[in-house]
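Participant: sequence unknown, structure follows:
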């Protein structure tokens, strides 16, 4: 019985707070929110006097507020005013839908249907965006084409399949795209002669996946002719001073020991005495290292005027390590850290081509970041 009474009291308190919240919203001039609050109240209590009294007033105030805004937008010189008009009409249509969820609310308010007004505003907004896009597209330059693409995209958001906006958007995309051809990479080294095609393949693939900029397309120069791509910019790269150092071998050994319990005995008084002994071992470590290093110079060149748009130099290095660990003596003398240093297989250094790819990894990452930063300006 007590629980039932508590539930009744909680419900009464909730309804009281709900009603008061609607009144507070109305008194603060938040008429849209007040309409929603009063309708929710009437859904629960269709005979609520305060909600029935204030709902028509709140709706009328909302209607007046948004209609006044619409009038102001229509008098303005803002070329995109129809989008603002549509936004106001959509708010009023939302109130229309909310009120229709409650028969009690409909008994005191006859909301206005704005669906036709929204459609008209969307058509006008789409027309404005389309005309702006066409004007930009007719200029014929890449920067304007990219702006035109956004205008046609906005057109289709207003009205799907508006005229030929989708076709025009694709046209603007093609015109606005910068085709960057990644040329053959030279490796200048007095000791090694090989191609950096693997580096170039990985770079082009990664740049395409990163989506550096939707209007920038990277293509390997080897495939550009087959795809009939006309370049706008060239990315030229050269590796300098690539070298593989001598194999450095470091051999070391160290002695380790530990005291371990070997058992226990009792003395004449019966006391247990533990016995310990010291175990020893010698650890042998052979560590080979080879350092490879080099520099990458890159340039971005404008094909139209042969102007260098960006140039930089990126250093890189990689240290190959091979370690083999063995021991002699009593294994019980080894700590866990000692055991981690043991094992391994004695192996020769990788060939120069493999070391080249390993040392270029940090260069590759830095170059990708540089290009992403450079082309994000568009």
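Facilitator: Structure received. Note that the structure is a prediction, hence the values are computed from the model and not measured. Numbering: from 1, shown residues only.
Participant: the residue of the chain most remote from its centre in helix, strand or coil?
Facilitator: Here the chain reaches farthest from its C-alpha mean at residue 268, the gap being 77.9 Å by Cα atoms, centre = their mean. Here residue 268 takes the coil state, with states given by DSSP: H, G, I helix; E, B strand; the rest coil.
Participant: which pLDDT does the model give it?
Facilitator: Residue 268 is assigned a predicted lDDT (pLDDT) of 72.
Participant: same check on residue 233?
Facilitator: Per-residue pLDDT puts residue 233 at 95.
Participant: likewise residue 359?
Facilitator: pLDDT, read off for residue 359, is 84.
Participant: so it lies in a helix, does it not?
Facilitator: Yes - Residue 359 forms part of a helix when assessed by three-state DSSP.
Participant: for it, which non-adjacent residue is closest in space?
Facilitator: Leaving aside its chain neighbours, residue 359 sits nearest to residue 318 (3.8 Å; criterion: Cβ to Cβ, 6 or more residues apart in numbering). Every C-beta, even on glycine, is put in place using the N, C-alpha and C of the backbone.
Participant: doesn't the one you found lie inside a helix?
Facilitator: No - using three-state DSSP, the assignment for residue 318 is strand, not a helix.
Participant: who does it form a beta bridge with?
Facilitator: residue 292 (DSSP bridges).
Participant: let me see the domain layout of this structure.
Facilitator: Using automatic domain parsing, the domain ranges for the chain come out as 2-113, 123-176, 178-378.
Participant: among those, which is the most enclosed?
Facilitator: Mean neighbour count (mean count of other Cβ atoms under 10 Å) peaks for domain 123-176 among the domains of the chain, with a mean of 18.
Participant: where does residue 236 sit: helix, strand or coil?
Facilitator: strand.
Participant: could you report the pLDDT at it?
Facilitator: 92.
Participant: I'd assumed residue 355 was in contact with the residue nearest to residue 359.
Facilitator: Yes - with contact defined as Cβ atoms under 8 Å, residue 318 reaches residue 355; the gap is 6.7 Å.
Participant: ok, now which ones touch residue 233?
Facilitator: The neighbourhood of residue 233, defined by Cβ atoms under 8 Å, 6 or more residues apart in numbering, consists of 178-181, 300-303, 309.
Participant: and those residues as CSV, adding pLDDT and secondary structure?
Facilitator: Below are the contacts of residue 233 laid out as CSV (pLDDT from 0 to 100; DSSP: H, G, I helix; E, B strand; the rest coil):
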residue, pLDDT, secondary structure
178, 94, strand
179, 93, strand
180, 93, strand
181, 93, strand
300, 95, strand
301, 96, strand
302, 95, strand
303, 94, coil
309, 95, strand
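Participant: and residue 172, what helix or strand is that in?
Facilitator: If you go by DSSP states H and E, residue 172 is part of helix 165-176.
Participant: from the contact counts, what lies against that helix?
Facilitator: Under the contact criterion of 3 or more Cβ pairs under 8 Å, 6 or more residues apart in numbering; DSSP states H and E, helix 165-176 touches helix 115-137, helix 142-158.
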